[in-house]
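Novice: Generate a structure from the sequence data that follows.
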Amino acid sequence: MGHQMAYVDEGTGRPVVFLHGNPTSSYLWRNIIPFVTDGHRAIAPDLIGMGDSSKPDLDYTYTDQAAHLHGLLDALDLRDAILVLHDWGSALGFDWAAKNPDRVSAIAFMEAMVPPVMPFPSLEAMGPSAELFKNLRSVGVGEQMVLQDNFFIEVILRDLGVAMRLSDDVMDHYRAPFPTPESRKPVLQWPREVPIAQAPKPAFDAVTGYIPWLVSSDIPKLLLHVEPGGLIPPQAVDWLKANMTNLDTVFLGPGSHYIQEDYPDQIGAALASWLTRV
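Specialist: Residues are numbered from 1 along each chain as shown. This is a model prediction of the structure:
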């Protein structure tokens, strides 16, 4: 495709692949990766249009993102890989794993796109988030919120998604890839890709496609969760415990969505311990 994908690549050994979501980058994992590099190879890509990856003129649909990320994972020729997934990185990672089950041996996930919450049967089923997503998906309104006002960085990430307010230095790092309205196109497109009422179809097909494999596969899985959470509230944790095969769980404490910022040491220690058993 001619577009450059940036990624962190540290340590040697069995690959552990960290996939971020919206509006972050591999920087999200900066304080967690050191816990696994003693004996493992940590790989953390920046999704196309995000972080230090190229920012081409794309629509940044799920199909675009999957083509670039899955192309990178294929090019790295990963074997016996362990995936660590968050947000849209989880959908992309679960999708790739379901299509390449012989190359993935374990999956850890947090605030991820899993049942029973995903996919949403309707906008109303999103509860308190319905109005927000209606606005984000409305032409003109979403553009003002995200492209002009940088809503995902300045409100969702800084104020709503973490338990403790992020420092100016950390925020500046998250702001850096998105200095202009044009550069924020992928940040706006991601909420428009959330499968609601079976649309958009490529994202809906991807999520509904990987769910049966994810729930029933015998590969080890680790869920790290908080309360009340965002994508995985307590009732979803209960459902996953009851229905997902070979699942371990770790409760971290109170939190929202970007739990890597609130609990980096706890997540890192839990991953390091789990890696010794899988």
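Novice: Identify the residues contacting Glu124.
Specialist: Ala130 (Cβ atoms under 8 Å, 6 or more residues apart in numbering). (Each C-beta comes from the backbone N, C-alpha and C, glycine too.)
Novice: And it, how far from Gly142?
Specialist: Taking Cβ to Cβ, to the nearest Å as the measure, Glu124 falls 19 Å from Gly142.
Novice: Also Glu131?
Specialist: Going from Glu131 to Gly142 by Cβ to Cβ gives 13 Å.
Novice: Would you mind telling me which of these two has the busier surroundings?
Specialist: Taking neighbours as other Cβ atoms under 10 Å, Glu131 and Gly142 compare with Gly142 leading, 19 against 11.
Novice: Report how many residues lie close to the closest residue in space to Ile32 that isn't next to it in sequence.
Specialist: Of all residues not flanking Ile32 in the chain, Gly268 sits nearest, at 4.5 Å (Cβ to Cβ, 6 or more residues apart in numbering). Residues lying near Gly268 (other Cβ under 10 Å) number 18.
Novice: So which residues make contact with whichever strand or helix holds Gly268?
Specialist: Assessed by DSSP states H and E, Gly268 sits inside helix 264-275. When contacts are defined by Cβ under 8 Å, 6+ apart, helix 264-275 is touched by residues 16, 31-36, 39-40, 82, 84, 106, 108, 110, 220, 222, 224, 248, 250, 252-253, 259-260.
Novice: Need the residues that contact stretch 193-205.
Specialist: 61-63, 88, 91, 118-123, 126, 133, 192, 207-208.
Novice: picking that back up, same question for the helix holding Gly268: list its buried residues.
Specialist: Pro264, Gln266, Ile267, Gly268, Ala270, Leu271, Ala272, Trp274, Leu275 (16 or more other Cβ atoms under 10 Å).
Novice: Same list, these, but as a markdown table with pLDDT and distance to Gln4 please.
Specialist: Shown next, in a markdown table, are these (pLDDT from 0 to 100; distance: Cβ to Cβ, whole Å):
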| residue | pLDDT | distance to Gln4 |
| --- | --- | --- |
| Pro264 | 98 | 28 |
| Gln266 | 98 | 34 |
| Ile267 | 98 | 29 |
| Gly268 | 98 | 28 |
| Ala270 | 98 | 33 |
| Leu271 | 98 | 28 |
| Ala272 | 98 | 31 |
| Trp274 | 98 | 32 |
| Leu275 | 97 | 30 |
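Novice: Adding distance to Ala242 as columns, could you present the residues you listed in CSV?
Specialist: What follows is these, written out as CSV (distance: Cβ to Cβ, whole Å):
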residue, distance to Ala242
Pro264, 29
Gln266, 24
Ile267, 24
Gly268, 28
Ala270, 21
Leu271, 24
Ala272, 27
Trp274, 21
Leu275, 25
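Novice: Let me know the closest of the residues you listed to Leu147.
Specialist: Nearest to Leu147 out of those is Pro264 (Cβ to Cβ; 30.2 Å).
Novice: Give me the distance between that closest one and Glu10.
Specialist: 16 Å.
Novice: so where's the stretch 51-200 of the chain shaky on pLDDT?
Specialist: For the stretch 51-200 of the chain, no stretch is flagged by pLDDT under 70.
Novice: ok, which stretches of it are helices?
Specialist: Listed in chain order, the helices found in the stretch 51-200 of the chain under DSSP state H, counting those that start in this stretch are 62-75, 87-99, 130-136, 141-142, 151, 168-175, 185-193.
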